[in-house]
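# Structure, please.
(one chain, ligands or ions: 1)
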Amino acid sequence: MKLRLVVATRSQHKMREIREILSDVAGLEILSLDEAGIHYSPEEEKLEPFGTFEENARSKASYFRQRTTLPTVAEDSGLEVDALNGGPGVRTKRFAPGEDLDGEARDRANNAYLLELMAGRPPEERGGRYVCVAALALTPNKIECFRGEVPGQVLEAPRGASGFGYDPVMFHQASHRSFAELTPEEKNALSHRGQAFRAMARALENMGPSQP
Ligand code: IMP
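This next block holds a predicted model:
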């Protein structure tokens, strides 16, 4: 396979993980949006109004495929908590109240809000999962989705300093650690994003050498 692929995310955290996850895929050259010459536009904020990760990921992939004119993958991801009826789900990024919060302040507010909503719940009611859907747009009219999920429990207080977003408040039972206590390599090996992007890479490898 020989393929230049734009990874359409503005999140440096996601970008770092995806580059690492795809680093051993032979013949794949990864470009960020900026490297592809696509600089931020406010209309990007309106790309994920839908009720499922799949629809939002497709929407982003379609938009950025048009702008880059190159094969492009976009992802939508988030957290589902059983006790919150699967929430925050597609609202994971804007979970805590506060319209103008961004970056680390947004992450801190989201984590505090989740802990507050879950306060007093026993361990057996704290289960949920991270979900990631990677939508691959090789051509404008052909978008294929790859889904990854990893189970986790909402902790009672933050633990660990690695990762990003909700990682300090999500516990990975099989590892006996929070996601923020895993090394980047350990997280990528089991994460929702690792699963989704490795599935995408396998599909690309199975398509053979003649990519657009
Ligand atoms: P998106 O950018 O609309 O896909 O929003 C993703 C939301 O889910 C953000 O709040 C992220 O912090 C959170 N999220 C996604 N993946 C992870 C992860 O691997 N660890 C922690 N939080 C994540």
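
# going forward, measure contacts and count neighbours with C-alpha atoms only.
Fine.

# Counting neighbours, what do you get for Asn85?
Burial of Asn85 is recorded as 10 neighbouring residues (other Cα atoms under 10 Å).

# quick one: contacts for it?
When contacts are counted by Cα atoms under 8 Å, 6 or more residues apart in numbering, Asn85 touches no other residue.

# got the phi/psi numbers for it?
Dihedral pair for Asn85: phi 50, psi 40, per degrees, to the nearest 10.

# I'd like to know how far it sits from the ligand.
From Asn85 over to the ligand the distance is 17 Å, taken as Cα to the nearest ligand atom, to the nearest Å.

# Same check on Gln153?
Going from Gln153 to the ligand by Cα to the nearest ligand atom gives 13 Å.

# Spell out the secondary structure type for that residue.
Secondary structure for Gln153, judged by DSSP: H, G, I helix; E, B strand; the rest coil, is strand.

# Number of residues surrounding the closest residue to it other than its chain neighbours?
Once flanking residues are discounted, Gln153 sits nearest to Gly127: 4.4 Å by Cα to Cα, 6 or more residues apart in numbering. As a burial measure, the neighbour count of Gly127 was computed by other Cα under 10 Å and equals 18.

# Does Gly127 touch Leu155 like I think?
No. Counting by Cα atoms under 8 Å, no contact exists between Gly127 and Leu155, whose distance comes to 9.6 Å.

# Do a quick rundown of the helices in this structure.
For the chain, the helices identified by DSSP state H occupy 12-21, 53-68, 103-118, 184-190, 192-207, in order along the chain.

# Reformat these as CSV; add mean pLDDT, mean neighbour count and distance to Tyr40.
Conversion of those to CSV gives the following (pLDDT from 0 to 100; neighbours: other Cα atoms under 10 Å; distance: least, Cα to Cα, whole Å):
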stretch, mean pLDDT, mean neighbour count, distance to Tyr40
helix 12-21, 98, 16, 13
helix 53-68, 98, 22, 11
helix 103-118, 97, 16, 16
helix 184-190, 98, 16, 27
helix 192-207, 96, 19, 23
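
# now for the ones you listed, which one comes closest to Leu136?
Between Leu136 and these, the tightest spacing by Cα to Cα is seen for helix 53-68, at 6.6 Å.

# Spell out which residues of the chain are next to the ligand.
The chain comes close to the ligand at residues 76-78, 92-93, 164-167, as judged by Cα under 6 Å from any ligand atom.

# Go again with 8 Å.
Contacts of the chain with the ligand, taken as Cα under 8 Å from any ligand atom, map to 9, 11, 14, 48, 75-79, 90-95, 107, 110, 130-132, 163-167, 179, 191-193.

# quick one, what contacts the residue located most distally from the centre of the chain?
Counting by Cα atoms, centre = their mean, the extreme residue of the chain relative to its mean C-alpha position is Gly120, 28.6 Å from that point. Residues touching Gly120, when contacts are defined by Cα under 8 Å, 6+ apart, are absent altogether.
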